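In: I'd like to go over a predicted model; first the sequence, then the structure.
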Amino acid sequence: MSYFHSVVWIDHEKASAWQFTSTEEQSAVIHAHDQHQKVHSRKSSHGGHKNPADARFFEEVAEALAGTHEVLIIGPAQTKTEFAHFLKEKHAALAKGIVAVENADHPTDGEVLAYARRHFKALDRMFVPSASNSA
């Protein structure tokens, strides 16, 4: 089952992805494949060195978000931004649903989900009309 809202916390080693409503959720944890291998770095545009993104890892995270309509991407450092760019290049429909890419250090699973629910509620995206309003 897929849900309208999702959040993914991602760094270079793992991602935790949730699809949820105000009362239900499903989650997945995805681990990077090359996190323990020595990867030759490439020179970045700012003069430093950076390891290439793990495309297979990003693909598995995208699969965990399949079917969702709105995505909040959070995490430390640059991996969250790299993942957002990956979605734009490889999964345009999913990328259209990105509502924000934000910094988040290393919160607990409960903190991530609570933050996402507050975030979407603030965007007025989780409003469920009452029966009296549907007449």
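Out: Right, received. Where do you want to start? The shown structure was predicted, so the numbers you read here are calculated from the model rather than taken from an experiment.

In: what about the strands in the chain?
Out: Listed in chain order, the strands of the chain (DSSP state E) span 5-10, 14-20, 25-31, 42-43, 49-50, 70-75, 98-103.

In: out of those strands, which is the most enclosed?
Out: strand 5-10 (a mean of 27; mean count of other Cβ atoms under 10 Å). Every residue, glycine included, has its C-beta placed from N, CA and C.

In: tell me the mean pLDDT for that strand?
Out: The average of the pLDDT scores along strand 5-10 is 96.

In: so in that sheet, which strands flank it, and in what orientation?
Out: Strand 5-10 has its sheet partners listed here by DSSP bridges as strand 14-20 (antiparallel), strand 70-75 (parallel).

In: dump these to CSV, plus mean pLDDT and distance to Phe120.
Out: Formatted as CSV, those follow (pLDDT from 0 to 100; distance: least, Cβ to Cβ, whole Å):
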stretch, mean pLDDT, distance to Phe120
strand 14-20, 96, 9
strand 70-75, 97, 7
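
In: in TSV: the ones you listed, plus distance to Lys90.
Out: Formatted as TSV, these follow (distance: least, Cβ to Cβ, whole Å):
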stretch	distance to Lys90
strand 14-20	15
strand 70-75	14
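
In: need the strands of the chain in JSON lines with distance to Tyr115, can you?
Out: Output for those, formatted as JSON lines (distance: least, Cβ to Cβ, whole Å):
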{"stretch": "strand 5-10", "distance to Tyr115": "8"}
{"stretch": "strand 14-20", "distance to Tyr115": "11"}
{"stretch": "strand 25-31", "distance to Tyr115": "13"}
{"stretch": "strand 42-43", "distance to Tyr115": "33"}
{"stretch": "strand 49-50", "distance to Tyr115": "27"}
{"stretch": "strand 70-75", "distance to Tyr115": "7"}
{"stretch": "strand 98-103", "distance to Tyr115": "9"}
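
In: disregarding flanking residues, what is the spatial nearest neighbour of Glu70?
Out: Gly97 (4.8 Å; Cβ to Cβ, 6 or more residues apart in numbering).
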